[in-house]
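J.: Need a 3D model of the sequence below.
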Amino acid sequence: MDHIQLPSGGLKAIDVPYVAYPAFDSQDFETFPTRVGFPPIDDRAGWLELDSDNTAAIVQSWLYFGLIAAFFNQKIDIGDFIIDSDAPRRLVTSAALLPLLDDWSASARLSEPSEQDRLEALLKLATTALEGFSLLPQSGLPPLPEILLSVHLLITTLGAATSGGSRRAIADTASRPSTNTIDVGPVSQLLASHLLSAGWCPWKVQQILSAYSYLTIYYVSRLRDPTALHITHSKCTEERCIGNNVDMANYSTRHTELSCACLHAPIPEAEMRSIIADGGIPIARIKLSRNGNPYLQVKRAGPRTRYIAVSHVWSDGLGNPHANSLPQCQLKQLSRCLKLLAPPMFDFAQGYMAVPQLNLGIDARRMMVVWGSTEWFWLDTLCIPVGSDDQSVLLKSTAINQMAAIYAGAHQVLVLDSVMQASNVVGRDACHVLAQLSAVAWLGRCWTYQEGALALSLQVQCADCSFDPSLFNDIAVEDSESNEEIYTLLPGTMTTGHSWHRTWRAISLGVKRGMEAINGDLIRDIRGLPELRKEPKTQTLLGGHIYREITEVVGREMRYDRRDGDSWFPSEKMVEEFVLCWNSLAQRTTTMAGDIHVIIANLLRLNAFSILNMKSQEDRMRAILWSLPGIPLSIIFNRSKERARPAEQHANRWMPLWPDRYMLTESPVMRIQDGVLTLATTDIQEDQTPKLLLLDRPLEESEGSAEVLVSDTSGPQVEWYRVLLHRQPGDQFDSQRSHSTVFALEPPAGRSIPVGSAPIAAACLRVNALFHKHPSDAALPDSCQWDMSASEHQLHTTYDCPATIHPLNSTPKYAHLAQYTATSPENYTLAIEHDVPPTLRPLPQRPANPSFTLISGLLMCLCFPFNYLLCAMNAMVIYQNVMQRDTFPTSVLVTSILTITTHAYTFLGVMYVVPPVALIPAVISWLSWNMIPFIIGLVYVVLKAGLGDIGAVDKAVIGLLVAGHVPQIVMVSIVRWYVNPRVYRAWLDTYAPDWEPGKTNWILKAAVAPLHWMGKK
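T.: The predicted structure follows:
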């Protein structure tokens, strides 16, 4: 497996012993086992009689060396794939595979369709055989796991070679860990053991196994030191990580060095609290006293204030639950990070444009030039009040409610993670950097999910530089022989000669991101055009697949989609956003589970202050769910133990208290009605329809806490299921008013496991009433008996508990289990009772964050026509310069040249008629109010008038100069000093504790109206 490029400085490749016997005879690949005395591949009983050594020998001989020989259709020299070592056995090396594949690709053998079909059939056969061997009980004994892993990676490698560079084709051949059995497969167990021995958290290991293909898992398992030295995961389990949780009572703020004992520097607390009490956002900056000690200043953030929002995990020691202060050494280090922070690269969607070489940036919201970094920052340790008195608790709740506004309104978000801060970027490829980023504690905590999702521009601090991970999203690493194209985007990693190239790459990516936010379909069409490029080598293709899988996970967890414009979701898409937040938070941890509700509320733009005032976790979750337009059906299949009073008798037993491991799907969605949640098959697609198993009688109480056997007689053949009910200890569900019991099975489209013999998530529902309607019926009569001849069925049910259903392939032999007969209707309406009173009001939803880019774009369109006047004026000045040049004094000549130069941008209006192309005049309009070219033009006409004899052309120049500049100056002044500040203040007012939709300022409604329209489109 050493043909795969691994992280630099990481762990060595996993050893694969050479045990192949007998040697492949270069004849028919499929029948090789039977030719040498082994059972056929479909004879499972015969393979069960073999021990692990003999099984390993035939697997390696057939599925590894035999597959290589069959792929190239030639005999291979086994000696090229064997190396001697200090181990008791010789080892297999795959390094010789790469030159074979590169020569094979150069020979263009794949151009023949018959050859393509032969190779696809060969790889499919090998994959099927590999899956069969992985299910054998001896597959977990050494050395079979290592050999099975090598075959997995071999099939992926050969699939990449036959893909022709197609990303989808490579992904299809890159096999993933199977989840269709209760037991983890041997290869997954092998990789998990390597990850655990390298110091990974068991909980994180399960996420890695479920997120990546074997190829990427193997790459990630070779990383060295994935966690911080001061964090231990010895007490973590596969169900929960507690390594990054903190004990507030015994929390100790860390110094930058263990030997340091410097004093703490506090923030001016009274002023900070006063700003929060007044509805403002306090921000701080670090100054040095005469003796070199740092101290803190605080002020209120305004609409044009630039500040950096710092995001960190408290387990790294940068928190302080006892006071709003930090050690002086930490403040000095933070000050250095802020000063060296790279400016945000060009991002059309968010209105950013920067030229790092000049330390210059442009900010559309503030309509100002951004010079360098900013001293002002927001850090929760310093800017959220601490204390247990009533006033402190109120101020803390107010500040937490504002956190969405704080991170969304920040100029940049700076990520501080101890692992990344101790790592250098220089000398490492981007894939390695992002793989390490995917493993850090910051990417596994709930609060940081919110902070990353709300950031308009985010930078991760490393030891030698900071970088924006989103710049690496969707870059084709296989388009070049190396990853230099990606590497150049990391600030500080290349020489000055490459810096302008890096800027151009960043600008092009920013333009692409902005165009995707405006018209993604157009960009996808452009991407679909054929490209003329050199085919990459196999190793590069494999590296590209690893890179894409890692960037996909990092991008999903950091919510790049929100920075690309998808944060403008309308109310109709709240369910989709809720599911995205739920699924990400289900894979993250937090010290206090109740914080998750605040995070979900902030990301859904709900009033988090109302959530903070609710003491019960059940009330919080219920308030969020009833603020949605509908509730995902998948929530009732959640097997979490943390549900709403699961052992008590009530109708909300289905409701989980917070995300916990189990994923949700966006559809189908249950409609919220008085007293019930309803789902009708007529409203959803067939693959989203849950199958129902309606039992012939109610489950008895004595049977309800164990297993039962169910036979479905609805189809032409009887289908058997073993049903396991997941009840809480002491749960005694009252089923006295139930007519029957029905099991709702998770729809096929929502399963993360293949359909077949795999276990299926389900929900046990008690049927309180049955309604059947025939075509001749005018109403739906109640009935206690199931009528299969009816055209419409309605089931009124009460949720009992989650269940797991195991389909059985043959007639079961479970005589000790109670057996039930079930029917499965096709057309039905399912109603599930709930206990939520009809008087419960949804939480108020704030409007979308205003896009100052759109405001500036509108300003650009309004200013654009006046550029034609200035273009005509500039043409006249050019005419005067040419015709009267000899009569001009030096002062007039110089000012005429300056006038022509500063108004040269206006000629863009002659070349194009679409307003957005006038980017340069828009920039000048935003940043300088046109005052610079206007003043230069005025100086020119004044000096020209001093020569005497003002002609018609001079009068025309004066008139066009005033008519072109003055309206632009007026409009820019109005937007810069009136519109943008008031939009910002109105947006900040929506985070007030008593805010209601009716209190939204009209100017904010006008600013976000285009966003709602774009979201619906």
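J.: ok now do the residue nearest to Val669 when sequence neighbours are not counted, which residues does it touch?
T.: The shortest distance from Val669 to any non-neighbouring residue, by C-beta to C-beta, 6 or more residues apart in numbering, is to Gly630 (3.7 Å). Heads up, the C-betas are built off the backbone N, CA and C, glycines and all. By C-beta atoms under 8 Å, 6 or more residues apart in numbering, the contact set of Gly630 is Val575, Val669, Met670, Arg671, Ile672.
J.: Show me these that map onto helices.
T.: Using DSSP state H, Val575 are the members of the contacts of Gly630 that sit in helices.
J.: What is the nearest of the contacts of Gly630 to Val892?
T.: Val575 (67.7 Å; C-beta to C-beta).
J.: Around that closest one, how many other residues sit close by?
T.: By other C-beta atoms under 10 Å, the residues close to Val575 number 19.
J.: ok now do it, which residues does it touch?
T.: For Val575, the contact set (C-beta under 8 Å, 6+ apart) comprises Leu628, Pro629, Gly630, Ile631, Pro632, Glu666, Val669.
J.: Can you tell me which of those are buried?
T.: Among the contacts of Val575, those buried by neighbour count (16 or more other C-beta atoms under 10 Å) are Leu628, Gly630, Ile631, Pro632, Glu666, Val669.
J.: and those as a markdown table, adding secondary structure and pLDDT?
T.: Shown next, in a markdown table, are the buried ones among the contacts of Val575 (DSSP: H, G, I helix; E, B strand; the rest coil; pLDDT from 0 to 100):
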| residue | secondary structure | pLDDT |
| --- | --- | --- |
| Leu628 | coil | 93 |
| Gly630 | coil | 93 |
| Ile631 | strand | 94 |
| Pro632 | strand | 94 |
| Glu666 | coil | 88 |
| Val669 | strand | 93 |
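J.: wait, which of those is closest to Thr551?
T.: Among the buried ones among the contacts of Val575, Glu666 lies closest to Thr551 (C-beta to C-beta), at 22.7 Å.
J.: quick revisit: out of the buried ones among the contacts of Val575, flag the one nearest to Thr906.
T.: Nearest to Thr906 among the buried ones among the contacts of Val575: Glu666, at 49.0 Å, using C-beta to C-beta.
J.: Regarding the nearest residue to Tyr828 once chain neighbours are set aside, what is its secondary structure?
T.: Of all residues not flanking Tyr828 in the chain, His793 sits nearest, at 4.2 Å (C-beta to C-beta, 6+ apart). State at His793, reduced to three classes by DSSP: H, G, I helix; E, B strand; the rest coil: strand.
J.: partner residues bridging His793?
T.: His772 (DSSP bridges).
J.: any idea which residue sits dead centre in the protein?
T.: Arg556 (1.2 Å; C-alpha atoms, centre = their mean).
J.: Asp42 versus that one, what's the distance?
T.: For Arg556, the distance to Asp42 (C-beta to C-beta, to the nearest Å) stands at 39 Å.
J.: And for Met574?
T.: Here the criterion is C-beta to C-beta. By it, Met574 lies 50 Å from Asp42.
J.: so what's Thr804 up against?
T.: Thr804 sits next to Arg639, Val723, Leu724, His726, Pro759, Ile760, Ala761, Ala762 when contact means C-beta under 8 Å, 6+ apart.
J.: Any regions of the stretch 851-1000 of the chain where pLDDT drops low?
T.: The model of the stretch 851-1000 of the chain has pLDDT under 70 over residues 853, 908-930.
J.: where do the helices sit along it?
T.: All helices of the stretch 851-1000 of the chain, identified by DSSP state H, counting those that start in this stretch, fall at 852-883, 890-902, 908-911, 919-928, 931-945, 952-974, 980-989.
J.: Was I right to think Ala818 contacts Leu709?
T.: Yes - the pair Ala818 / Leu709 is scored as a contact, 6.9 Å apart, by C-beta atoms under 8 Å.
J.: Compare the two and say which is more crowded by neighbours.
T.: Neighbours were counted for Ala818 and for Leu709 using other C-beta under 10 Å; Leu709 has more, 17 against 14.
J.: And Met574 and Asp42? Which one has more around it.
T.: Per other C-beta under 10 Å, whichever of Met574 and Asp42 has more neighbours is Met574, with 19 against 10.
J.: Kindly give the local confidence score, pLDDT, for the more buried one.
T.: Here the pLDDT value assigned to Met574 is 88.
J.: List the contacts of the closest residue to it other than its chain neighbours.
T.: Nearest residue to Met574 in three dimensions, chain neighbours excluded: Leu628, at 5.3 Å (C-beta to C-beta, 6+ apart). Leu628 is in contact with Met574, Val575, Phe578, Ile672, counting by C-beta under 8 Å, 6+ apart.
J.: Tell me how far the second one lies from Ile83.
T.: Using C-beta to C-beta, one gets 56 Å for the distance from Val575 to Ile83.
J.: Then the last one?
T.: Using C-beta to C-beta, Ile672 is found at 65 Å from Ile83.
J.: now swap in Ala803 and tell me
T.: Distance, Ala803 to Ile83, by C-beta to C-beta: 52 Å.
J.: Between the two, point out the one with more neighbours.
T.: Counted by other C-beta under 10 Å, Ala803 and Ile83 do not tie: Ala803 has more neighbours, with 23 against 13.
J.: now the closest residue to the more buried one other than its chain neighbours, what's its secondary structure?
T.: Spatial nearest neighbour of Ala803, chain neighbours left out: Ala762 (4.4 Å); criterion: C-beta to C-beta, 6+ apart. Here Ala762 is recorded as strand under three-state DSSP.
J.: And Gln74, by the same measure?
T.: coil.
J.: Can you get me a residue count around it?
T.: By other C-beta under 10 Å, 11 other residues sit near Gln74.
J.: if I pick the nearest residue to it once chain neighbours are set aside, what's in contact with it?
T.: Closest residue to Gln74 apart from its sequence neighbours, by C-beta to C-beta, 6+ apart: Ser26 at 7.9 Å. Taking C-beta under 8 Å, 6+ apart, we find Ser26 in contact with Ala69, Gln74, Lys75.
J.: Could you tell me how far the second one is located from Leu808?
T.: For Gln74, the distance to Leu808 under the criterion C-beta to C-beta works out to 46 Å.
J.: again, but for the last one
T.: From Lys75 across to Leu808, the span is 46 Å (C-beta to C-beta).
J.: Can you pick out the residue with more neighbours from these two?
T.: More neighbours surround Leu808 than the other of Lys75 and Leu808, with 17 against 10 (other C-beta under 10 Å).
J.: Sketch out the strands for the stretch 201-350 of the chain, chain order is fine.
T.: Secondary structure of the stretch 201-350 of the chain by DSSP state E, counting those that start in this stretch: the strands cover 264-266, 282-288, 294-300, 308-312, 325-327.
J.: Give me the contacts around the third one.
T.: Identification of contacts with strand 294-300 by C-beta under 8 Å, 6+ apart yields 265-268, 271-272, 275, 278, 280-289, 328, 331-332, 335, 376, 382-383.
J.: ok so, going back, would you list the helices of the stretch 851-1000 of the chain in a markdown table and tack on distance to Val184 and mean neighbour count?
T.: A markdown table is the format used below for the helices of the stretch 851-1000 of the chain (distance: least, C-beta to C-beta, whole Å; neighbours: other C-beta atoms under 10 Å):
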| stretch | distance to Val184 | mean neighbour count |
| --- | --- | --- |
| helix 852-883 | 48 | 19 |
| helix 890-902 | 69 | 17 |
| helix 908-911 | 62 | 14 |
| helix 919-928 | 55 | 20 |
| helix 931-945 | 67 | 19 |
| helix 952-974 | 63 | 17 |
| helix 980-989 | 48 | 20 |
